Structure formats: structure tokens, C-alpha cells
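[1] Turn this into a model:
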Amino acid sequence: MVRAVNPPVGATIYYYLKADAQKVTVTIKDLEGNVVNEFTPTAKKGLQMAVWNLNRQAAPGARWCRPAAAAEAAIRSTPVSSR
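    Reported below is the predicted structural model:
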């Protein structure tokens, strides 16, 4: 049996630090300079790897919402036929 580690999913970013840092921030921007995502990976000296999962951050003040209750009810009440 052979076991292998799956590669990380997303964009792999490599960076090098000459010395340990207090904090490292990676900022992903689109072509217009708008911040798409920001995260804080390892701040240890040496070659480091960070993986951005390709998700966008919500804009400040944005709120995530659930689908309308009627749509949820329709999904739950859809009959499933067995053949």
C-alpha cells in the first residue's frame, strides 16, 4: 500500500524571511488594487509556504445570508423517488 499526501488546494505562495518576524501578512489584490483576501501565515525565518484557498473575503459590513425560507422549504419537501 502506498500512501501519499494530497497537494494543497489553492494558490501556493512561497516567501523567505531572513529572521523571525512578529507578524507576516499576505494581501491578495485584484487587478484594480482591491483587497480580495488577507491572511497571516507563519512568521518564522527561512523559506515558508502559504496556501490561499482562492476564496474572497466579504467586504467590511457585508453580511452573509441564508436562502429565503420558501426556497429552503421547497428543497426539503422535494420527493425522492426510489427505483
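[2] State the number of residues packed around Ile13.
    When counting by other CB atoms under 10 Å, one arrives at 14 neighbours for Ile13. Backbone N, C-alpha and C define where each C-beta goes, glycine included.
[3] Run through the residues that contact it.
    Under the criterion of CB atoms under 8 Å, 6 or more residues apart in numbering, the contact partners of Ile13 comprise 26, 41, 49-52.
[4] Looking at these, which one is closest to Val9?
    Among these, Val51 lies closest to Val9 (CB to CB), at 7.6 Å.
[5] My guess is that closest one contacts Tyr14. True?
    No - the criterion here is CB atoms under 8 Å, and Val51 misses it with Tyr14 at 10.3 Å.
[6] who's more crowded, the two?
    Looking at Val51 and Tyr14 with other CB under 10 Å, you find the greater number of neighbours at Val51, namely 14 against 8.
[7] What separation is there between the residue lying closest to Tyr16 once chain neighbours are set aside and Gly10?
    Spatial nearest neighbour of Tyr16, chain neighbours left out: Leu47 (5.2 Å); criterion: CB to CB, 6 or more residues apart in numbering. Using CB to CB, to the nearest Å, we find Leu47 at a distance of 18 Å from Gly10.
[8] between those two, which one's more packed in?
    Shown here are Leu47 and Gly10; by other CB under 10 Å, Gly10 has more neighbours (12 against 8).
[9] per-residue confidence at that one?
    Looking at Gly10, its pLDDT reads 90.
[10] and it, what is it in contact with?
    Contacts for Gly10 (CB under 8 Å, 6+ apart) come out as 51-54.
[11] low-scoring pLDDT stretches of the chain, where are they?
    For the chain, the stretches with pLDDT under 70 are 58-83.
[12] Which parts of it are helices?
    Assigned by DSSP state H, the chain shows helices spanning 69-76.
[13] Can you show me the CA trace of stretch 30-41 as PDB?
    Below are the C-alpha coordinates for stretch 30-41, written out as PDB (Å, rounded to 0.1, in the frame of the first residue of the first chain):
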ATOM      1  CA  ASP A  30      -7.200  42.100  -7.900                       C
ATOM      2  CA  LEU A  31      -6.100  44.000 -11.000                       C
ATOM      3  CA  GLU A  32      -7.700  47.200  -9.800                       C
ATOM      4  CA  GLY A  33      -5.900  47.000  -6.400                       C
ATOM      5  CA  ASN A  34      -8.900  46.000  -4.400                       C
ATOM      6  CA  VAL A  35      -8.100  43.600  -1.500                       C
ATOM      7  CA  VAL A  36      -9.500  40.200  -2.300                       C
ATOM      8  CA  ASN A  37      -8.200  38.300   0.800                       C
ATOM      9  CA  GLU A  38      -5.700  38.800   3.600                       C
ATOM     10  CA  PHE A  39      -4.200  36.300   6.000                       C
ATOM     11  CA  THR A  40      -1.300  35.800   8.400                       C
ATOM     12  CA  PRO A  41       0.900  32.800   7.700                       C
END
